[in-house]
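Visitor: How does the following fold in three dimensions:
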Amino acid sequence: MIKRTFALMFGALSAALVIGGGATPVIAADPAPDATLRLTSTFNYKGAPAQYEVVNQVLAFASGAGTREHRHGGDAFVTVLEGQITRRSGDESRTYSPRQTFLEPRDSLHAVRATGRTSVYATFLLSPGAIQTINDPNYPAPEALNTTPILQKTILNTHPAEFTVTQLVFDFAPGAVLALHKHGGQGLATVMEGDLTFASAAGTVQRAANTSFGNITAPHEVRNNGNTNATLLVTVLVPAGADATTYLSAGV
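Guide: Coordinates of the predicted model:
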């Protein structure tokens, strides 16, 4: 059934059709390009079995912009997408470049500042109802603050004490497709740029920037039907022994 569904939605003929003897064959269109996996970040997590609110967030910084001194109501897992950012906590500071990652532990007072145009992908694990960010009024604000172009959240079922927080970033050229697949744990797929179409046995849905698709454990395809590039951020909470992503043949 899934094979038939996706064939009807997205499929193209894979062989030439010959109309009558000696007639010019009708050649199928070139296959759609594949989406590109830009990066994968993994963070091992150990706590108590719990239910989590997962937040996908992108913070954008102009050159020299930063955050106030603040703390979070849950652990944050951060990957630099572009630019360079310096994180300061107490007397310690460290600078991070694209594809590098860092952890912001719950209740740790810190601030970050960018060098050049910078964006970071942050995943938060919060207890449902917890406050995500608390600014400390005892410290002055920087001259320029960051912006938050992407902020999406969902509440997941109870998770075991140990799992891996996995961040995936996929880039889609116009017409590109992320083939039929499923993820090995609950999470959230958020469109960062462009428009993407998610197709599963339940139907198709279109998502624009700063909107999300939540049923990532079910088999689904993702396609960029637009004429501009698109980017997808996927956070997966992967239990021990599971794979973050499993690609499926059309017959599965």
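Visitor: can you count the residues close to residue 32?
Guide: Residues lying near residue 32 (other CB atoms under 10 Å) number 17. C-betas here are computed from N, CA, C, even on glycine.
Visitor: Wait, it touches residue 223, no?
Guide: Yes: with contact defined as CB atoms under 8 Å, residue 32 counts as touching residue 223 (7.3 Å).
Visitor: ok, now which ones touch the closest residue to residue 111 other than its chain neighbours?
Guide: Among residues not flanking residue 111 along the chain, residue 69 sits closest, at 4.8 Å (CB to CB, 6 or more residues apart in numbering). Contacts for residue 69 were tallied using CB atoms under 8 Å, 6 or more residues apart in numbering; they are 109-111, 135-136, 138-139.
Visitor: how near is residue 69 to residue 88?
Guide: 9 Å (CB to CB, to the nearest Å).
Visitor: what's the overlap in contacts for the two?
Guide: Contact criterion CB under 8 Å, 6+ apart; residues shared by residue 69 and residue 88: 110-111.
Visitor: In what element of secondary structure is residue 168 found?
Guide: Residue 168 is part of strand 162-172 when elements are defined by DSSP states H and E.
Visitor: Now do the following helix or strand past that strand against strand 162-172, angle only.
Guide: The helix or strand immediately downstream of strand 162-172 is strand 177-183, counting by DSSP H and E. Orientation note: strand 177-183 sits at an angle of 170 degrees relative to strand 162-172 (axes from the mean of the first three to the mean of the last three CA atoms, to 10 degrees).
Visitor: quick one: low-confidence parts of this structure?
Guide: Counting by pLDDT under 70, the ranges of the chain that qualify are 1-30, 250-252.
Visitor: Please parse it into its domains.
Guide: 32-39+163-247, 52-155 (automatic domain parsing).
Visitor: want to try TSV for the contacts of residue 69, with secondary structure, distance to residue 123 and neighbour count as columns?
Guide: Listed next are those as TSV, based on DSSP: H, G, I helix; E, B strand; the rest coil; distance: CB to CB, whole Å; neighbours: other CB atoms under 10 Å:
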residue	secondary structure	distance to residue 123	neighbour count
109	coil	20	15
110	strand	16	20
111	strand	19	19
135	strand	20	13
136	coil	23	12
138	coil	28	7
139	coil	25	12
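Visitor: Taking the residues you listed, tell me the two that lie furthest apart.
Guide: Largest separation among the contacts of residue 69 by CB to CB: 110 and 138, giving 14.0 Å.
Visitor: And the strands in the stretch 101-250 of the chain?
Guide: Counting by DSSP state E, counting those that start in this stretch, the stretch 101-250 of the chain has these strands, from start to end: 101-104, 111-126, 133-135, 147-155, 162-172, 177-183, 187-193, 195-200, 203-208, 212-213, 220-223, 230-239, 245-247.
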